[in-house]
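Undergrad: pasting the sequence and the predicted coordinates here, then a few questions.
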Amino acid sequence: MALFKRKKAEKTREDERLEEGLEKTRTSLFKKFDRLVRGKDTVDETVLDELEEVLVTSDVGVKTTLDIIKRIESRVSADKYVSAAELQQMIRDEISGLMLDSAPERPADFAADFPATPHVIMVVGVNGVGKTTSIGKIAYRYRLAGKNVLLGAGDTFRAAATEQLQIWGERAEVDVIKQGHGADPAAVAFDTLAAAKKRDADVVLIDTAGRLHTKAGLMDELAKVKRVMDRQVEGAPHEVLLVLDASTGQNAIRQAEVFTRSVDVTGLILTKLDGTAKGGIVIGISNEFQIPVKYIGVGEQLDDLQVFDRRRFVEALFGV
């Protein structure tokens, strides 16, 4: 009992914000799982069918749901007896095991060292998903960790996009390199990296245009921006982060399909988890595209963007 009390006392603000942010998803999921496991002591075809329905209707996605079902079938094939508590633990383990961790050369920890500097991150996503807001929050967390941060206002087509990034730059207390409305995004990226080298920046975040993801022109433009950055800093961008709005559910998966076909996406940012019951989409997108979720947004404040921890996420999702 003493150990339990100590662990409860050690719960951090991030843990609390994660739990609060996932409350709508957890409430929805809890009702379904409670109905599924109540009184069950065997994993038979009926339980698996019901589990499949729970996962699909929780926006986990069909492909990922089938992967989870197969894993559970494999685990219980030797021993058909399992308690309700064991079944829940099994589901949590398999869900957690399907998601990926960030690669060592692209650390999620804001205080971690980069293999080389400036470390260049290009951020992509359609308009309205919280792309610019996420950039501001990431910049803030890097600055708090002692990093020298620079932002590039590469979304030169959307009205007020540069001004919006400038506002977030001021909030995060980091500088923004910008040009006029309608300027060439590749030129902005080139100038930003030139400034980053002169200023010995540790990390650079480049905003990009977010017009309709069905437009081939946008993808060609992103490819051009990447080529120009590589000429200024070898290997840049070192990361391409795709921002998706978790509240859009399956539409987020369709956006991910288009971007991953056109751009080498290395990590995902899932925003607006606090405003949706569709948090299960995090699991499906990570597994389906084999791309790690790097950050999640659970609120509007500067520090409400969190480094994604798959085990903490699953525990908060199930109310553990």
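TA: Thanks, I have the structure now.
Undergrad: ok, the residue nearest to residue 62 when sequence neighbours are not counted to residue 314 distance?
TA: Excluding the flanking residues, the one nearest residue 62 by CB to CB, 6 or more residues apart in numbering is residue 56, at 6.1 Å. Yep, even glycine has a C-beta here, placed from its N, CA and C like the rest. Between residue 56 and residue 314 the computed distance is 18 Å (CB to CB, to the nearest Å).
Undergrad: neighbour count winner among those two?
TA: Set residue 56 next to residue 314 and count neighbours by other CB atoms under 10 Å: residue 314 wins out with 21 against 16.
Undergrad: would you agree the more buried one is in contact with residue 98?
TA: No: using CB atoms under 8 Å, residue 314 and residue 98 do not qualify as a contacting pair, with a distance of 10.0 Å.
Undergrad: isn't the residue nearest to residue 62 up against residue 64?
TA: No: with the criterion set as CB under 8 Å, residue 56 and residue 64 do not qualify as a contacting pair; they are 9.3 Å apart.
Undergrad: what confidence value was assigned to residue 43?
TA: Turning to residue 43, the model gives it a pLDDT of 76.
Undergrad: burial count for the residue nearest to it when sequence neighbours are not counted?
TA: Residue nearest to residue 43 in three dimensions, not counting chain neighbours: residue 76, with 4.5 Å by CB to CB, 6+ apart. For residue 76, the neighbour count with other CB under 10 Å is 19.
Undergrad: tell me the bridge partners for residue 119.
TA: The bridge-partner assignment for residue 119, based on DSSP bridges, gives residue 203.
Undergrad: that one: neighbour count?
TA: With other CB under 10 Å as criterion, residue 119 counts 25.
Undergrad: okay, now stretch 301-311: how far is its last residue from its first?
TA: Between the opening and closing residues of stretch 301-311 lies a distance of 24 Å (CA to CA, to the nearest Å).
Undergrad: check this structure and tell me which residue is nearest its centre.
TA: For the chain, the residue whose C-alpha lies nearest the mean C-alpha position (CA atoms, centre = their mean) is residue 269; its distance is 2.5 Å.
Undergrad: what segments of this structure are strands?
TA: Listed in chain order, the strands of the chain (DSSP state E) span 119-124, 149-152, 175-177, 203-206, 239-245, 267-271, 293-297, 305-307.
Undergrad: deepest-packed of those strands, please.
TA: Each of the strands of the chain was given a mean neighbour count from mean count of other CB atoms under 10 Å, and the largest, a mean of 28, is that of strand 203-206.
Undergrad: first to last residue in stretch 285-294, what's the distance?
TA: Looking at stretch 285-294, the gap from its leading to its trailing residue is 12 Å under the measure CA to CA.
Undergrad: could I get the buried residue list for it?
TA: Within stretch 285-294, the residues scored as buried using 16 or more other CB atoms under 10 Å are 285-289, 291-294.
Undergrad: now do residue 54: how many residues are near it, please.
TA: Residues lying near residue 54 (other CB under 10 Å) number 21.
Undergrad: tell me the spacing between residue 219 and residue 304.
TA: 30 Å.
Undergrad: run a quick neighbour tally on residue 13.
TA: Other residues near residue 13 number 8, with proximity taken as other CB under 10 Å.
Undergrad: tell me the contacts of it?
TA: Contacts of residue 13 were listed using CB atoms under 8 Å, 6 or more residues apart in numbering, and none were found.
Undergrad: how about 10 Å then?
TA: residue 303 (CB atoms under 10 Å, 6 or more residues apart in numbering).
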